[in-house]
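Novice: Predicted model and sequence below, questions to follow.
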Amino acid sequence: MTIRVEWFTGDEKGAPGAPDGAETYQREGATQYTLTLAHDVRGAGCYWGLRATTDPAASNGGSLQQIFIRRCVIS
């Protein structure tokens, strides 16, 4: 199984934004995996996001999670 992790920064909730890095991992022999990830965000934006996808594709199509950064003011 291939697991692709992509980081993003942006100003719009729910949209990935600009790419800020990516990594690919290979795993075999299980149906569930735990990854510990570290990433130094370089881009600007009020939201930091992470998207995980797999090959073969997961039944839910993947996941995008975001956090709001306090240094931003959205009006």
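Specialist: Thanks, I have it. Bear in mind the structure is a predicted one, so any value in this text is a computation, not a measurement.

Novice: Grab the most central residue of this structure for me.
Specialist: A centroid search over the chain (CA atoms, centre = their mean) returns Leu50, at 1.5 Å, as the residue closest to the centre.

Novice: Tell me which helix or strand it sits in.
Specialist: Leu50 is located in strand 47-55, with elements delineated by DSSP states H and E.

Novice: Please apply the same query to Arg4.
Specialist: Assigned by DSSP H and E, Arg4 belongs to strand 2-10.

Novice: by contact count, what packs against whichever helix or strand comes after that strand?
Specialist: Per DSSP H and E, the first helix or strand lying C-terminal to strand 2-10 is strand 18-26. Packing partners of strand 18-26 (3 or more CB pairs under 8 Å, 6 or more residues apart in numbering; DSSP states H and E): strand 2-10. Every residue, glycine included, has its C-beta placed from N, CA and C.

Novice: rerun at 10 Å
Specialist: Applying 3 or more CB pairs under 10 Å, 6 or more residues apart in numbering; DSSP states H and E, one finds that strand 18-26 contacts strand 2-10, strand 47-55.

Novice: Mind checking those strands for the one nearest to Gly61?
Specialist: In terms of CB to CB, the element of the helices and strands packed on strand 18-26 nearest to Gly61 is strand 47-55, at 7.9 Å.

Novice: gap between Ala44 and Arg4?
Specialist: Note on Ala44: its distance to Arg4, by CB to CB, to the nearest Å, is 24 Å.

Novice: so Asp20 makes contact with Phe8?
Specialist: Yes: taking contacts as CB atoms under 10 Å, Asp20 lies within contact range of Phe8: 5.6 Å.

Novice: Scan the helices and strands of the chain for the one with the lowest mean pLDDT.
Specialist: The weakest-scoring helix or strand in the chain, judged by mean pLDDT, DSSP states H and E, is strand 63-68 (a mean of 86).

Novice: Summarise which helices and strands that one is packed against.
Specialist: strand 2-10, strand 47-55.

Novice: With distance to Thr24 and mean pLDDT added, can I get those in JSON lines?
Specialist: Listed next are the helices and strands packed on strand 63-68 as JSON lines, based on distance: least, CB to CB, whole Å; pLDDT from 0 to 100:
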{"stretch": "strand 2-10", "distance to Thr24": "5", "mean pLDDT": "93"}
{"stretch": "strand 47-55", "distance to Thr24": "9", "mean pLDDT": "90"}
